[in-house]
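K.L.:
Sequence and predicted structure are below.
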Amino acid sequence: MQFIAVDPGAMCGLLQYDDETTVKYQIEHHPYRTIQLIDEITRGDVVLVVEKYLITPMTHKLTRQYDALETIGALRYVAMKHSWTFELQPTSVKDKVHNSTLRTLGWYQPSRGDHMNDAARHAFVALCRHRPHDDLVKRALGMIGSN
């Protein structure tokens, strides 16, 4: 099973993690290139997790993110096309995964907008939910070696 996580927006973060405990892609790219990459390079059993974008009265006034909404819709279509699992995660879950956790995983990548790290945070939360007993999850949470 593969986990793909996307931080959608005018610049998207993408992390693709596979069964062999390797990160295949960890990039920042424009929305259409991100969608194209996911659609073209990914095969098999996939959980595609995307940060949910909510429009509230405040976001409507301050930061209209049409790119995020369009990206989410296109990714939902790609998931449906390939019969993948598609999940939206609240923005707040990424705040629970600190940079130190990403460093432990080897997934920390400094970038201009931190979009790659936000995608990595979402990927880790999805991995914890789907595979709570995975060795990578245990290592990152400091549970290996303790009984």
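P.N.:
Done, it's in.
K.L.:
Neighbours of Ala123, how many?
P.N.:
Number of residues near Ala123 (other C-beta atoms under 10 Å) recorded here: 29. C-betas here are computed from N, CA, C, even on glycine.
K.L.:
For it, which residues are in contact?
P.N.:
Phe3, Ile4, Ala5, Leu15, Tyr17, Val49, Trp107 (C-beta atoms under 8 Å, 6 or more residues apart in numbering).
K.L.:
Of those residues, which pair is most distant in space?
P.N.:
The widest separation within those, taken as C-beta to C-beta, falls between Val49 and Trp107 and amounts to 14.3 Å.
K.L.:
Which one's more surrounded, those two?
P.N.:
Per other C-beta under 10 Å, whichever of Val49 and Trp107 has more neighbours is Val49, with 27 against 23.
K.L.:
quick one, what contacts that one?
P.N.:
Contacts of Val49 by C-beta under 8 Å, 6+ apart are Phe3, Ile4, Ala5, Val6, Glu87, Leu88, Gln89, His122, Ala123, Val125, Ala126.
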